[in-house]
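>>> Here is my input, please return the structure:
(2 chains, ligands or ions: 5)
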Amino acid sequence: MFKILEKDNLAPQVFRYVVEAPEIANKAEAGQFVIIRIDETGERIPITICDANRKSGTLTFFVQAVGKTSIEMSLMQVGDSILDVVGPLGNQSEIERFGTVVLVGGGFGIAAIHPIAQALSNTGNKTISILGARTKELILLENEMKNVSSEVRIATDDGSYGSKGFVTDILKEMIQNNVVIDRVISIGPLVMMKAVADLTRQYEIPTFASLNPIMIDGTGMCGACRVTVGNEMKFACVDGPEFDAHQVDFEGLLNRLGSYLPEEKESKERYLKETPAPCQLEPVSNI
Amino acid sequence: MTDTKNQKLGNKIPRTSALEQDPEERSKNFQEVCLGYTPAMAQLEASRCLLCKKPKCVLGCPVRVAIPDFIKLVSEGDFIGAARKVKEANSLPAVTGRVCPQEDQCEKHCVVGLKGEPVAIGKLERFVADYERVHGKEALEKVADPTGKKIAIVGAGPAGLSAAADLAKRGHEVVIFEALHKPGGVLFYGIPEFRLPKEILEAELDYLERLGIKIKVNYVIGKIKTLDELMKEDNFDAVFIGTGAGLPYFLDIPGENLNGVYSANEFLTRVNLMHAWEFPVFDTPVHAHKIVAVVGGGNTALDAARTALRLPTVEKVKLIYRRSRDELPARIEEVEHAEAEGIEFHYLVSPVAIKGENGWTTSIQCVQMELGEPDESGRRHAHAKEDSEVFIETDAVVIALGSGVNPLISKSSSELKTDSKGHIEVADPDVNLTSKKGVFAGGDIVTGAATVISAMGAGRKAAKGIHDYVMSLTK
Ligand SMILES: Cc1cc2nc3c(=O)[nH]c(=O)nc-3n(C[C@H](O)[C@H](O)[C@H](O)COP(=O)(O)OP(=O)(O)OC[C@H]3O[C@@H](n4cnc5c(N)ncnc54)[C@H](O)[C@@H]3O)c2cc1C
Ligand SMILES: Cc1cc2nc3c(=O)[nH]c(=O)nc-3n(C[C@H](O)[C@H](O)[C@H](O)COP(=O)(O)OP(=O)(O)OC[C@H]3O[C@@H](n4cnc5c(N)ncnc54)[C@H](O)[C@@H]3O)c2cc1C
Ligand code: SF4
Ligand code: SF4
Ligand code: FES
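Ligands and ions are numbered 1, 2, ... in the order given. Here you go, the predicted structure:
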């Protein structure tokens, strides 16, 4: 059992948790994830480790309430325990002195990119962060990102904050203004990661994306998380989750992420019907 | 109870068939198919054993169960004594009695089988184990005095569990680390409920815990801890690796990323470990398919096929195998059960592509195969006929082609020698020591995908090797 020590509601449907898991915290590195299962009838879902505090033995992660399990999670309170937390899984981000690294975080992906930005900045890289979301209140961790970036740029779809438009508009402008970029890392919705890859491919800027396929075991046993990268089959849980974004078959991944839509919908609707007033949740899609 | 002590009937009476759930009925539920023997049936079957002085059957058993000795106890009506006798060599008899390929092992060598049907050793083994579980209050075997030595077991499959049991009995402190949230390995996530009820596995695990063994789930060794950390920081004197062959093979043909295509591991894990058959009470689904095609012919393929058949929306299950019925590697009992339940067998066809529409599977494109002459191993090679394309309609494909070894641990420790396929190498299979000091390995991770009993046998041998090793350490 893994106890929830802190919980905050950071943005609509976005929750931050601090969970007691000393042995995982002791090992976790930027870019890795855990798989959690809330209770005996629960499913196993992957969640990115956004901070690991070795001293306090805690993990921080962010959950966006999108379906049955994440909504159920959003109703858990400080003092409650998560039945299973297994990790750290996946490979850590490559942290080296690359030079100038641009970190593109979309919506909820900002939380996942923060520890990578931090590690890269600590290693002496110049880190430029581009954060994007639908609207102002979904831009997470702006201050935290400022602390680990030499520059933070923001784009919102509706123009309510930063510049109106997409993160790729800002990235393109930077490239066209001859900012020398040695590496790009993007985490966010698939369409965003694909757009970033399509843009940087033209300029041959090494670009990495953290993929989020459906997973079960997270140890390379089931193959549910397979993605095509450079015409090869890879298992995101053990070979990733970060891959060379120029080689990723994003369409294939998008298709496979939709493979349980009817069941996910059924599960969620049933749960919402049975659960009295589970906060004020609106539909969102994070694909 | 009839006293059959001195009667040895051999082939004078036919082999006693076990009770079974009706095929029509069982193809709709997940309850166990084979219901086993009643005490009278067990005694009758036991009377067929000739109690050979030099029993050939024992040589066919990888862990050398004292077969005539336990069968004699059965015929005398001492079922609990019989169970204890089996347990001297085999710590999970309720499991092996159900899943051993007996026709290739103990029963293959039984002399009664020379002229007729062999003694049903597996069914008897199962009977005594079940009898003891229900009636036996299971007195614990004697555990030796504590030795003060600590041993880590990585992986709670049959290899790890049997190594753990033997080591605990020898007085060592044993901790099992398991990656998943439930111990049992393939016995839990792979072999389905209708063939091996989870309750039986739970009882066996319970027994291990009563021996004082700690099982820590959710621990992926190689990730949360390396082998060195286990030994240097957590002070384990030795480590046993029994992580199995859990890496699924795919076909490497176009269309494998379509929705509706699963590895057998994924399909079985969803249903067995995650209870997808009880969706939406359990949260993990398996898609509501109507037709499921399974590619392969081993136990895994048959388990996947028969599991699919039991899902509420599935109307038809097709098994696609490139050779013919004679070459099916699965246990014959499973093949017969599958046939009776109405699985459609498509022999001599081999998939070349999976076709789909809008991202979802619609059919498998296959070529027809022909069998050539048997090779040295006696297996007939299959080759494709020219221009022999066939399309098999389906909305799901489960690929059950066997599995390779998971590299998680060997990747995290450079000192562990592996062969070209990633199997951990052990110098002497009677000791199971790897190239790394204090680290032993056994089961599928060493041999590649094999059987439950061979994994258990390797676990026991390693336990002996580990015992000798840790007792030679001065600490
Ligand atoms: C390596 C990795 C790291 C992840 N990190 C986080 C994290 O830190 N926080 C977090 O909230 N989520 C994270 N996810 C996604 C998370 O696992 C899924 O959102 C979760 O399975 C949703 O479960 P659910 O039952 O609530 O929703 P479901 O009912 O399963 O899905 C609801 C909606 O979300 C979509 N969806 C489902 N799975 C995914 C997915 N894997 N990625 C994107 N959209 C999906 C569905 O299509 C559907 O529209 C991560 C996924 C991976 C693979
Ligand atoms: C569907 C199916 C049906 C089968 N049917 C039969 C049958 O009828 N009869 C028969 O004799 N054999 C059968 N087999 C084969 C048999 O199950 C295996 O040979 C046997 O289970 C191997 O045992 P093992 O202990 O080596 O590994 P496994 O049973 O694979 O157990 C390995 C365990 O190690 C864990 N693990 C892996 N990596 C790590 C890690 N890094 N850290 C911690 N834990 C880890 C895994 O999660 C797993 O629990 C079947 C196999 C399958 C897949
Ligand atoms: S363990 Fe398997 S092979 Fe050995 S006697 Fe029992 S059923 Fe036969
Ligand atoms: S070979 Fe057959 S008859 Fe002889 S002891 Fe074994 S089971 Fe009995
Ligand atoms: S989640 Fe099962 S192999 Fe990656």
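>>> Residue A:86 sits in which helix or strand?
Secondary structure from DSSP states H and E places residue A:86 in strand A:84-89.
>>> So which helix or strand of chain B has the lowest pLDDT on average?
Within chain B, no helix or strand scores below helix B:408-412, which has a mean of 81 by mean pLDDT, DSSP states H and E.
>>> neighbouring strands for the strand holding residue A:86, and are they parallel or not?
When pairing is defined by DSSP bridges, strand A:84-89 lines up against strand A:33-37 (antiparallel).
>>> What's the first helix or strand after the strand it pairs with?
strand A:45-48.
>>> what's the nearest residue to the residue in chain A positioned nearest to ligand 4 if we skip its chain neighbours?
As assessed by C-beta to the nearest ligand atom, ligand 4 sits closest to residue A:221 within chain A, at 37.4 Å. Any C-beta I mention is one placed from the backbone N, CA and C, and that applies to glycine too. Once flanking residues are discounted, residue A:221 sits nearest to residue B:246: 4.2 Å by C-beta to C-beta, 6 or more residues apart in numbering or on different chains.
>>> what's the next secondary structure element after the least confident helix or strand of chain B?
The helix or strand immediately downstream of helix B:408-412 is strand B:439-441, counting by DSSP H and E.
>>> any residues touching the next helix or strand along the chain from that following strand, and which ones?
Using DSSP H and E, the helix or strand that follows strand B:439-441 in sequence is helix B:444-447. Contacts with helix B:444-447, where a contact means C-beta atoms under 8 Å, 6 or more residues apart in numbering or on different chains, come from B:155, B:157, B:159, B:241-245, B:405-406, B:423-426, B:432, B:450, B:454-455, B:458.
>>> do stretch B:111-126 as well
Defining contact as C-beta under 8 Å, 6+ apart, one finds that stretch B:111-126 is touched by B:10-11, B:14-16, B:18, B:36-37, B:42, B:45-46, B:48-50, B:52, B:56-57, B:65, B:67, B:70-71, B:74, B:82, B:86, B:90, B:93-94, B:96-98, B:100, B:102, B:106-108, B:110.
>>> wait, isn't residue B:299 in contact with residue B:334?
Yes. Taking contacts as C-beta atoms under 8 Å, residue B:299 lies within contact range of residue B:334: 6.4 Å.
>>> more crowded one of the two?
The neighbour comparison of residue B:299 against residue B:334 (other C-beta atoms under 10 Å in any protein chain shown) goes to residue B:299, with 25 against 21.
>>> Which residue, other than its chain neighbours, is closest to that one?
residue B:330 is the one closest to residue B:299 (C-beta to C-beta, 6+ apart), at 4.9 Å.
>>> In three-state terms, how would the one you found be classified?
coil (DSSP: H, G, I helix; E, B strand; the rest coil).
>>> Give me the three-state assignment for the closest residue to ligand 1 within the stretch 151-300 of chain B.
Minimum separation of the stretch 151-300 of chain B from ligand 1 (C-beta to the nearest ligand atom) falls at residue B:283, amounting to 6.7 Å. Secondary structure, three-state DSSP: residue B:283 is coil.
>>> Just give the number of residues close to it.
So residue B:283, with other C-beta under 10 Å, has 26 neighbours.
>>> And the one 10 residues further on, by the same measure?
The burial metric for residue B:293, expressed as a neighbour count using other C-beta under 10 Å, is 30.
>>> With the one 4 residues further on instead?
The burial metric for residue B:297, expressed as a neighbour count using other C-beta under 10 Å, is 25.
>>> Would you agree it is in contact with residue B:331?
No. Taking C-beta under 8 Å as the definition, residue B:297 is not a contact partner of residue B:331, at 11.4 Å.
>>> circling back: which residues sit in contact with the residue nearest to residue B:299?
Residue B:330 neighbours (C-beta under 8 Å, 6+ apart): B:297-299, B:301-302.
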